[in-house]
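Enquirer: Structure for the following, please:
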Amino acid sequence: MNSSQLLHHYRHLAQQRLTVFDLETTGTHPPAARVIEVSVLHASLADGIYEQSTHLINPGVAVPAQITRFTGISQAMVDGSEAAEDVWPRYAARLAEGVLTAHNLNFDYEFSQTECRRLGLSLDRPKIEQLCTVHLARLMLADLPSRSLPHLVQHFHFPVKESHRAEADTLACWYLAQRLLTQILEENEQRIIQRFQEEWLPLSACARLLGRSRQETHELILEDGFDPRTSARSGSFRYRRGWAEQLVDKIGPALPLFS
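Expert: Residues are numbered from 1 along each chain as shown. Take a look at the predicted model:
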């Protein structure tokens with residue numbers, strides 16, 4: 001989607017009820033890693049938070065020491081909590097409504113799907129009903145040095161006590177979505193589009209916008225005098241969304257992409 005289409009998309013989401021959630025897990029890759037804490041809140045820009053529910057979960061597996069150091073959740077805490085089969089049927093129902101929202105949504109959604117499938121529960125949802133606040137922050141806050149949730153909490157001074165616990169991170173995610181979606185709804189349309197166009201995209205995303213190969217896209221951007229930056233994390237080039245959109249306007253509609 002180009003910036004105008006993204007504006008329409010996010011203004012639509014901003015008027016829906018959001019289901020914001022966060023998980024703490026024993027690792028990074030399900031199904032070997034398991035969920036040990038879940039929090040879900042329902043909210044809307046019009047009415048604020050309806051309710052929030054949080055549970056520690058006993059998955060029946062060991063909590064690694066590094067996870068305890070990172071989250072503060074100990075083995076004793078999960079051993080004394082409800083079992084996964086008692087918790088997930090309630091949370092699957094909560095996650096089945098509203099626009100599913102999380103910071104790094106794919107991570108939390110994959111874990112939730114895996115836990116539900118383990119119990120024979122369904123958690124499949126259309127992608128149009130999902131909102132990742134990492135993606136939203138990249139659009140609206142392109143030049144912040146970090147868009148991790150703890151850094152965003154500090155940047156905006158959100159009233160959240162501790163990071164890396166599901167309840168606090170869910171609340172922080174809601175505050176972030178509320179702030180950025182409100183700006184998208186209320187600020188001048190052209191100003192929001194200009195902010196979107198400041199987003200730094202990988203070459204693959206620019207190539208999709210142009211409908212051309214990565215190599216041709218890179219060459220076209222350089223020919224037009226735009227100077228990509230290098231990602232501190234991956235070392236790969238990043239390009240402003242607006243550059244790619246200017247090239248689309250200049251060279252015509254996207255062509256079939258073969259590489």
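
Enquirer: where does residue 227 land in three-state SS?
Expert: Under the three-state scheme (DSSP: H, G, I helix; E, B strand; the rest coil), residue 227 adopts coil.

Enquirer: quick one: buried residues of the lengthiest helix in the chain?
Expert: For the chain, the helix reaching the highest residue count under DSSP state H is reported as helix 166-186. Buried residues in helix 166-186, defined by neighbour count with 16 or more other Cβ atoms under 10 Å: 166-178, 180-181, 184. All C-beta spots, glycine's among them, are computed from the backbone N, C-alpha and C.

Enquirer: now, which of those residues sits nearest residue 21?
Expert: Within those, proximity to residue 21 (Cβ to Cβ) peaks at residue 170, which comes in at 5.9 Å.

Enquirer: list the contacts for the closest one?
Expert: Taking Cβ atoms under 8 Å, 6 or more residues apart in numbering as the criterion, residue 170 is in contact with 20, 21, 22, 39, 40, 41, 52, 54.

Enquirer: Next, work out how far apart it and residue 37 are.
Expert: Here residue 170 is placed at a distance of 10 Å from residue 37 (Cβ to Cβ, to the nearest Å).

Enquirer: Need the residues touching each of the two.
Expert: With Cβ under 8 Å, 6+ apart, residue 170 and residue 37 have common neighbours residue 54.

Enquirer: Go ahead and list the helix or strand containing the spatially closest residue to residue 207 that is not a sequence neighbour.
Expert: The shortest distance from residue 207 to any residue that is not its chain neighbour, by Cβ to Cβ, 6 or more residues apart in numbering, is 4.3 Å, and that residue is residue 217. Secondary structure assigned from DSSP states H and E places residue 217 in helix 214-223.

Enquirer: buried stuff in that helix?
Expert: Buried residues in helix 214-223, defined by neighbour count with 16+ other Cβ under 10 Å: 214, 217, 218, 220, 221.

Enquirer: what do you get for stretch 129-142?
Expert: Counting neighbours by 16+ other Cβ under 10 Å, one finds that the buried residues in stretch 129-142 are 130-142.

Enquirer: Among those residues, which lie within helices?
Expert: Secondary structure defined by DSSP H assigns 133, 134, 135, 136, 137, 138, 139, 140 of these to helices.

Enquirer: Which pair in the residues you listed has the greatest spatial separation?
Expert: Across these (Cβ to Cβ), the longest gap, 11.2 Å, separates 134 and 140.

Enquirer: Give me the secondary structure label for residue 30.
Expert: Local secondary structure at residue 30 is given as coil here, using three-state DSSP.

Enquirer: I'd like the distance between the nearest residue to it once chain neighbours are set aside and residue 183.
Expert: The shortest distance from residue 30 to any residue other than its chain neighbours is 3.9 Å, reached at residue 114 (Cβ to Cβ, 6+ apart). When Cβ to Cβ is applied, the distance between residue 114 and residue 183 equals 34 Å.

Enquirer: before we move on, what about residue 35?
Expert: Relative to residue 183, residue 35 is positioned 32 Å away (criterion: Cβ to Cβ).

Enquirer: now swap in residue 78 and tell me
Expert: In this structure, residue 78 lies at 39 Å from residue 183, with Cβ to Cβ as the measure.

Enquirer: Could you do residue 103 as well?
Expert: As for residue 103, its distance to residue 183 is 17 Å (criterion: Cβ to Cβ).

Enquirer: for residue 49, same thing?
Expert: 19 Å.

Enquirer: The residue nearest to residue 24 when sequence neighbours are not counted: what's it in contact with?
Expert: Closest residue to residue 24 in three dimensions, ignoring its sequence neighbours and counting by Cβ to Cβ, 6+ apart: residue 37, at 4.0 Å. For residue 37, the residues meeting the contact criterion (Cβ under 8 Å, 6+ apart) are 23, 24, 54, 55, 56, 57, 71, 73, 165, 166.

Enquirer: Give me the sheet partners of the strand or helix carrying residue 37 and which way each runs.
Expert: With the criterion set as DSSP H and E, the secondary-structure element containing residue 37 is strand 35-44. Using DSSP bridges, the neighbouring strands of strand 35-44 in the sheet come out as strand 18-25 (antiparallel), strand 48-56 (antiparallel).
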